[in-house]
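return atomic coordinates for the entry below.
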Amino acid sequence: MNLSNIKFLLLSIAVLIAQLNFLYTQNNKAEIVDSDLNFVQATKGTNAPKAVLDSLCLVNVKYYSFDGKIHKGQLVVHKLLRQDVEDIFNLILQEKFPVAKVIPIVKYLWSDEASMEDNNSSSFNYRFVAGTKRISNHALGRAVDINPFNNPVIYESGRISPGRAKYDTTKPGTFSKNNVIVQEFLKRGWRWGGNFNSFKDNHHFDK
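Take a look at the predicted model:
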């Protein structure tokens, strides 16, 4: 093989490597859509009265999931909290804090338990506080749950919900009091369930 052929071969290899790098980069940049609903679809079947529905809006958010790729999801929240939610999820994206998925709870037939078991992050769900007859802040779109399986509810009795979950603040996607996301919520006047006295609702934020 003469020098010209060697140069041509090396050039061809360099071009191939560049093409493969481009394809790899494009593939990793591709956003995975977890939820793409309109407002009517995202609230279909809820028992919420019209006055509550009129106060809500659908927010599109982006986040890194546990696969290391950017995903697109949606939250139904109170209109007055839209800016907070958008800003905080921009911070979540910037910090590459992994979020499993963000899908309106209609996809789980309005079952909070099913959504939590699937580690789904959500907001609006017209329901009572678990075990009570009090309307939840979720019923008004004024609460957000993030990674409930990573950040379970821990009751005084030691019971955990979801039942198979474990709370380990050394693991990705888990909140602790010094976490930058928790601090941003608190700075904006939200409550973090991890600060509750009678039990710890580690995935829950409300305002």
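
which residues does stretch 168-182 contact?
Identification of contacts with stretch 168-182 by C-beta atoms under 8 Å, 6 or more residues apart in numbering yields 66, 88, 91-92, 95, 97-100, 146-147, 150-151, 167, 192, 194-195, 202-203. C-beta: built from backbone N, CA, C; applies to glycine.

redo that, cut-off 10 Å
64-66, 88-89, 91-92, 94-100, 119, 121, 146-147, 149-152, 166-167, 183, 185-186, 190, 192-195, 202-205 (C-beta atoms under 10 Å, 6 or more residues apart in numbering).

list only those of those residues flagged as buried.
Among these, those classed as buried by 16 or more other C-beta atoms under 10 Å are 64-65, 88-89, 92, 97-100, 119, 121, 146-147, 149-152, 167, 185, 190, 192-194, 202-205.

so how far is Glu184 from Gly194?
Relative to Glu184, Gly194 is positioned 14 Å away (C-beta to C-beta, to the nearest Å).

same deal with Tyr126?
For Tyr126, the distance to Glu184 - C-beta to C-beta - is 27 Å.

okay, those two: which has more neighbours?
Tyr126 (20 against 17; other C-beta atoms under 10 Å).

that one touches Ala51, doesn't it?
No - Tyr126 lies out of contact with Ala51 (C-beta atoms under 10 Å); the separation is 11.7 Å.

now do Val61: how many residues are near it, please.
Around Val61 there are 21 residues (other C-beta under 10 Å).

start to end distance for stretch 98-108?
21 Å (C-alpha to C-alpha, to the nearest Å).

er, stretch 103-110 I mean
By C-alpha to C-alpha, the extent of stretch 103-110 from end to end equals 11 Å.
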